[in-house]
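Engineer: I'll drop the sequence and a predicted model, then ask my questions.
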Amino acid sequence: AFREKRSIVIPDVRADGTFRYDGDISEMLTGGSALAAPLIVQQRAIGVIAIDTPKQTNAFKQDDLQLLTAIAASAGLAIDNARLFEETRRRLSNLESLHTVSSALRTAQTLEEALPILLTQLMNLLDVEGATLEVLDRGRGEIVTQLAMGAWAPVTGLRTPRNAGISGRVIATGQTYSSSDVAGEGLSVRPDLFAGLNCVACVP
């Protein structure tokens, strides 16, 4: 149904060699009838609605197929509209956060004024537990944690060698870094700081 973008009726699932099921759901092995209708939005399939009667063959008629097809059409539009609404809401939220950050950076006279707003908005936007902003002290060849918030608050002011750790790697390569097992990768200069943390992202 999904591949061909058309509704199908299966009078006897067990007798139809087109359909195979080797799983462990006993109901699926009893036979019966099934209907499946694709969710079509702008001539593309985004999903399928399927119904079945496990203990009865030839249970569905053409009227049933037409009804399920009509329901699937409405469901497809509803799902797509919900997706578009959520995407729009997310984009608006992002724009609001960017506007707040931009305004703060324009009006702030010092880094001390701007950075807390920047990191607070970042944490809210991405729903994360901690954030840091680090800068390179070229004179001393060190990376300085200018401000850390949330779970990272204790590392504010920390200095590390410019080529060490995750931040050193990002600065050296200019490439973003992300990991879902940051402790296991062993890149941190201070692994004790990653206790209990899994996911970390760092951008230049």
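Structural biologist: Thanks, I have it. Numbers count the residues shown, from 1 in each chain.

Engineer: could you give the bridge partners of residue 10?
Structural biologist: residue 34 (DSSP bridges).

Engineer: any idea how many residues pack against it?
Structural biologist: If you count neighbours by other C-beta atoms under 10 Å, residue 10 ends up with 20. C-betas here are computed from N, CA, C, even on glycine.

Engineer: beyond the helix of greatest length in the chain, next helix or strand please.
Structural biologist: Determined from DSSP state H, the single longest helix within the chain is helix 62-107. Sequence order places helix 111-126 as the next helix or strand after helix 62-107, per DSSP states H and E.

Engineer: what about residue 164, neighbour count?
Structural biologist: 16.

Engineer: list phi and psi for it.
Structural biologist: Dihedral angles of residue 164 (phi, psi; degrees, to the nearest 10) stand at phi -100, psi 150.

Engineer: before we move on, what about residue 59?
Structural biologist: The phi/psi pair for residue 59 (degrees, to the nearest 10) is phi -80, psi -20.

Engineer: circling back: name the helices or strands packed onto the longest helix of the chain?
Structural biologist: Applying 3 or more C-beta pairs under 8 Å, 6 or more residues apart in numbering; DSSP states H and E, we find helix 62-107 packed against strand 8-10, strand 33-41, strand 44-53, helix 111-126.

Engineer: using CSV, lay out the ones you listed together with distance to residue 93 and mean pLDDT.
Structural biologist: As requested, the helices and strands packed on helix 62-107 are arranged in CSV below (distance: least, C-beta to C-beta, whole Å; pLDDT from 0 to 100):
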stretch, distance to residue 93, mean pLDDT
strand 8-10, 41, 88
strand 33-41, 24, 91
strand 44-53, 24, 89
helix 111-126, 7, 84
